[in-house]
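Asker: build me a model:
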Amino acid sequence: MHSRRLRMDGRGVVDGFGAGEAIVTRQAMSFFGGVNPRSGIVIETGHELEGRSISGKVLVFPRGKGSTVGSYVIYGLRKYGTAPAAIVNIETEPIIIGGCVLANIPLVDRLDKNPIEKIRSGDWVEVEGNIGSIWVTKGQLRTQLSKQ
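Answerer: From the prediction side, this is the model:
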């Protein structure tokens, strides 16, 4: 069996390489009041990811929302060791960019395919912020390959 990986190309916003299991939401994210920086748990009431950890994962969401203090919450995630490995957005904005720069989290957006339609939570995602590319290995295929 050969591995089929999907490549998507877009805009590298923050340099660096990050890889991990994807955690995907169709909802915009607010980090200020939406994510606990000490635990990496989404705490926004009613959010699709409420109660889930983003720590060490590739966080895929459409765009940020909320207060500019969100940039410092993203930095806090790095400080406490609970940051995501990378972030993928449909269209990022200054709050997320500033936080990722402060926290040295690779960030890619404007991909040639909609990442929310192509990536599922549990897929393995590699993000190369330097060139704006990501590679996705589907979760089920990844599990099968690891058993070989």
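Asker: what kind of secondary structure is residue 39 in?
Answerer: Following DSSP: H, G, I helix; E, B strand; the rest coil, residue 39 is assigned to coil.
Asker: what's near enough to touch it?
Answerer: 53, 55, 82 (C-beta atoms under 8 Å, 6 or more residues apart in numbering). Yep, even glycine has a C-beta here, placed from its N, CA and C like the rest.
Asker: and residue 30, by the same measure?
Answerer: 44, 64, 65, 66, 67, 70.
Asker: and what of residue 101?
Answerer: residue 14.
Asker: looks to me like it is in a helix.
Answerer: Yes - using three-state DSSP, the secondary structure at residue 101 is a helix.
Asker: please tell me how far it sits from residue 6.
Answerer: According to C-beta to C-beta, to the nearest Å, residue 101 and residue 6 sit 27 Å apart.
Asker: swap in residue 51?
Answerer: Applying C-beta to C-beta to residue 51 and residue 6 gives a distance of 29 Å.
Asker: would residue 87 count as being in a strand?
Answerer: Yes - using three-state DSSP, the assignment for residue 87 is a strand.
Asker: pretty sure it sits against residue 54.
Answerer: No - the pair residue 87 / residue 54 is not scored as a contact, 9.1 Å apart, by C-beta atoms under 8 Å.
Asker: okay, residue 51 and residue 6: which has more neighbours?
Answerer: Using other C-beta atoms under 10 Å as the criterion, residue 51 and residue 6 rank with residue 6 on top: 14 against 8.
Asker: contact partners for the more buried one?
Answerer: By C-beta under 8 Å, 6+ apart, the contact set of residue 6 is 113, 118, 135, 136, 138.
Asker: and the pLDDT for it?
Answerer: Residue 6 carries a pLDDT value of 96.
Asker: mind checking how far residue 63 is from residue 135?
Answerer: Where residue 135 is concerned, residue 63 sits at a distance of 22 Å (C-beta to C-beta).
Asker: no wait, residue 54
Answerer: For residue 54, the distance to residue 135 equals 20 Å [C-beta to C-beta].
Asker: check residue 6 too.
Answerer: 7 Å.
Asker: over to residue 71?
Answerer: As for residue 71, its distance to residue 135 is 27 Å (criterion: C-beta to C-beta).
Asker: between these two, which is the more surrounded one?
Answerer: residue 71 (22 against 14).
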